[in-house]
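Participant: Predicted model follows, preceded by the sequence.
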Amino acid sequence: MAIQWFPGHMHLTRKAIGERIKDIDVVIELLDARLPGSSANPMLAELIDGKPVLKVLSKQDMADPQRTDAWLNHYNALPGTRALAMDTSMTTPAKALKEACQGLAPLRGGMVKPMRVLMCGIPNVGKSTLINTLKGQRAAKTGDEAGVTKLEQRISLADDFYIYDTPGVLWPRITVEQSGYNLAASGAIGVNAYDEQEVALELLNYLISHYPDALTQRYKVTNVSSHTDEDLLEAIGRQRGAVQSGGRVNTVKAAEIVIHDFRSGALGRLTLETPDEYTQWLALGQQADAERNLRKAGLKKPRGKGRPTVRR
């Protein structure tokens with residue numbers, strides 16, 4: 001199942017970013033440290049027009065430290081890009097953003113040339129929490145569901161340093177299938193856009209291969225590696241009391257438990273992708289999307305000689 005979610009306000013955000021970017025010195029893109037590749041918006045790369053970019057891996061305290069280091073090395077190797085990892089509730093690391101932005105735009109600063117920063121990211125990645133930490137007060141709304149911020153906000157961190165906080169935005173078509181599942185597991189996608197059981201099964205399938213000890217410790221299930229994702233979901237449901245009349249496991253409730261435990265960090269510090277894995281997924285997604293476009297083009301025959309155009 002391909003997961004897609006692009007509400008109407010995201011179209012407006014896309015337009016607003018395109019208009020605002022002309023006056024911006026540095027772009028901060030917040031990424032979820034548990035899924036850095038999947039939470040990087042490919043649409044943003046088209047909109048920022050070569051501006052310097054600071055990639056901030058938020059929620060690093062919930063991510064696998066070794067994998068976070070791998071992602072930082074990956075992004076820091078890109079031209080015009082710097083990357084930092086931080087927990088957005090920690091005051092001292094958050095202040096490092098100002099220094100990082102100054103490094104990317106050294107000629108900006110002071111009242112004549114104030115630093116103008118645009119902060120972007122997917123829904124529920126922690127932008128508003130970070131801004132509140134930087135500001136030292138509740139300057140931006142926060143919430144635990146996708147799409148809390150609906151309007152652009154300008155936050156003054158100093159007389160010569162402005163941050164424009166934009167609403168969380170995805171992109172019109174998610175071409176990497178695994179990214180859709182990871183985004184749903186993280187809470188970046190509205191709950192009505194996906195099936196919780198399917199997302200939980202995909203999550204468990206990955207964790208069985210990469211983090212079996214975390215599953216054993218949390219759910220007290222032995223020999224995790226010998227389980228299929230479906231078997232493990234059943235076992236978790238029984239262990240956590242998600243049992244219906246007749247002894248059947250309520251797999252919907254079990255899926256909710258698994259997803260909640262991932263989002264809350266109860267499963268430990270986990271990262272759902274490495275740079276190499278995401279590169280492979282992206283290549284497969286782009287290939288599938290190209291084939292899809294070819295099929296669509298083949299259905300649209302040119303008019304003439306009495307042959308009708310077939311439309312989907």
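Facilitator: Thanks, I have the structure now.
Participant: isn't Arg82 right next to Leu57, touching?
Facilitator: No - between Arg82 and Leu57 there is no contact under Cβ atoms under 8 Å: 11.5 Å. All C-beta spots, glycine's among them, are computed from the backbone N, C-alpha and C.
Participant: Mind checking which of those two has more residues around it?
Facilitator: Leu57 (24 against 19; other Cβ atoms under 10 Å).
Participant: correct me, but the more buried one touches Asn73?
Facilitator: No - Leu57 is not in contact with Asn73 according to Cβ under 8 Å; the separation is 11.7 Å.
Participant: The longest helix anywhere in the chain: which residues count as buried?
Facilitator: Secondary structure of the chain per DSSP state H: the longest helix is helix 275-299. If you call a residue buried by 16 or more other Cβ atoms under 10 Å, then helix 275-299 has these buried ones: Pro275, Tyr278, Trp281, Leu282, Gly285.
Participant: Against Gly246, how distant is the fourth one?
Facilitator: In this structure, Leu282 lies at 45 Å from Gly246, with Cβ to Cβ, to the nearest Å as the measure.
Participant: List the contacts of the helix or strand that contains Arg82.
Facilitator: Element membership of Arg82, judged by DSSP states H and E, is strand 81-85. Under the contact criterion Cβ atoms under 8 Å, 6 or more residues apart in numbering, strand 81-85 has outside partners 33, 52-57, 60, 63, 68, 71-72, 74-76, 93, 96-97, 100, 103-104.
Participant: Just those residues: which are in strands?
Facilitator: Val53, Leu54, Lys55, Val56, Leu57 (DSSP state E).
Participant: Please enumerate the helices of the stretch 151-300 of the chain.
Facilitator: 177-186, 196-210, 212-219, 229-239, 251-264, 275-299 (DSSP state H, counting those that start in this stretch).
Participant: closest one to Ser156 among the ones you listed?
Facilitator: helix 177-186 (30.2 Å; Cβ to Cβ).
Participant: I would like the residues contacting the closest one, please.
Facilitator: Counting by Cβ under 8 Å, 6+ apart, 2-4, 32, 34-35, 37-39, 122, 124, 170, 174, 189, 193-194, 198-200, 202-203, 259, 262-263, 272-273, 278, 281, 285 sit against helix 177-186.
Participant: if we go to 6 Å?
Facilitator: For helix 177-186, the external contacting residues (Cβ atoms under 6 Å, 6 or more residues apart in numbering) are 3, 32, 35, 38, 174, 189, 194, 199, 202-203, 262, 272, 281.
Participant: pLDDT check: weakest of those residues?
Facilitator: In this model, the minimum pLDDT among the contacts of helix 177-186 belongs to Ile3 (68).
Participant: re earlier: and the buried ones among the ones in strands among the contacts of strand 81-85, selectable in ChimeraX?
Facilitator: Listed next is the ChimeraX selection for buried residues among the ones in strands among the contacts of strand 81-85, using 16+ other Cβ under 10 Å:
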select :53,54,55,56,57
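Participant: ok so, going back, turn the buried residues of helix 275-299 into TSV, columns for distance to Met86.
Facilitator: Listed next are the buried residues of helix 275-299 as TSV, based on distance: Cβ to Cβ, whole Å:
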residue	distance to Met86
Pro275	19
Tyr278	21
Trp281	26
Leu282	25
Gly285	29
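Participant: tell me the contacts of the residue nearest the centre of the chain?
Facilitator: The centroid of the chain falls nearest to Ser39 when counting by Cα atoms, centre = their mean (2.7 Å). Residues in contact with Ser39 (Cβ under 6 Å, 6+ apart) are Leu31, Asp32, Ile122.
Participant: Just name the closest of those to Ala16, please.
Facilitator: Using Cβ to Cβ, the contacts of Ser39 come closest to Ala16 at Ile122, 15.8 Å.
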